[in-house]
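model this:
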Amino acid sequence: MSSNYVFVGDVGTVLLFDVGIDTADIISAKIYYQKPDSTSGYWDATLVASSTQIKYIIQSGDFNIAGTYTFQPWLELADWSGYGTTSTLKVYDHI
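Residues are numbered from 1 along each chain as shown. Alright, predicted model coming up:
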């Protein structure tokens, strides 16, 4: 069943980020996150070929608490590295 909601414990949810440059120019990409309890870290992102998008597929344990998660892409290019625009996603508790 498909829905527009993401829940604690979900696995396989795809997070897509448009970084505004061709992925062919990207050497490395990460998605930094901050969970609702202020736990933070990063996930290694995958480049989406022939696009301006990077992605991460949610694994077991990634969405382990309900609340608002904040994400920020980070890129490394040949002559630049830095952060992209932040975004948020609400993760709901299940019954």
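
Sketch out the low-pLDDT regions of the chain for me.
Where the chain drops to pLDDT under 70, the residues are 1-3.

quick one: buried residues of the longest strand along it?
Ranked by residue count and defined by DSSP state E, the top strand of the chain is strand 67-76. Buried residues in strand 67-76, defined by neighbour count with 16 or more other CB atoms under 10 Å: 69, 71-75. C-beta coordinates here come from the backbone N, C-alpha and C atoms, glycine included.

Which of these sits closest to residue 22?
Top of the list for closeness to residue 22, among the buried residues of strand 67-76 and by CB to CB, is residue 75 at 11.4 Å.

what's the closest of the buried residues of strand 67-76 to residue 23?
When the buried residues of strand 67-76 are ranked by distance to residue 23 (CB to CB), residue 75 comes first, at 9.4 Å.

any idea how far residue 18 is from the closest one?
For residue 75, the distance to residue 18 under the criterion CB to CB, to the nearest Å works out to 12 Å.

Equivalent analysis for residue 10, please.
For residue 10, the distance to residue 18 (CB to CB) stands at 22 Å.

What is the burial count for the closest residue to residue 25 other than its chain neighbours?
For residue 25, the nearest residue in space outside its immediate sequence neighbours is residue 77; the separation is 5.6 Å by CB to CB, 6 or more residues apart in numbering. Other residues within reach of residue 77 by the criterion other CB atoms under 10 Å amount to 13.

Please give me every residue in contact with residue 77.
The contact partners of residue 77, taken as CB atoms under 8 Å, 6 or more residues apart in numbering, are 21, 25-27.

again with residue 89
By CB under 8 Å, 6+ apart, the contact list for residue 89 reads 6, 15, 68-69, 71.

For residue 49, state which of the residues you listed is nearest.
Where the contacts of residue 89 are concerned, and distances follow CB to CB, residue 49 has its nearest neighbour in residue 15, at 17.1 Å.

Specify the beta-bridge partners of the closest one.
Each beta-bridge partner of residue 15 is listed here: residue 56, as defined by DSSP bridges.
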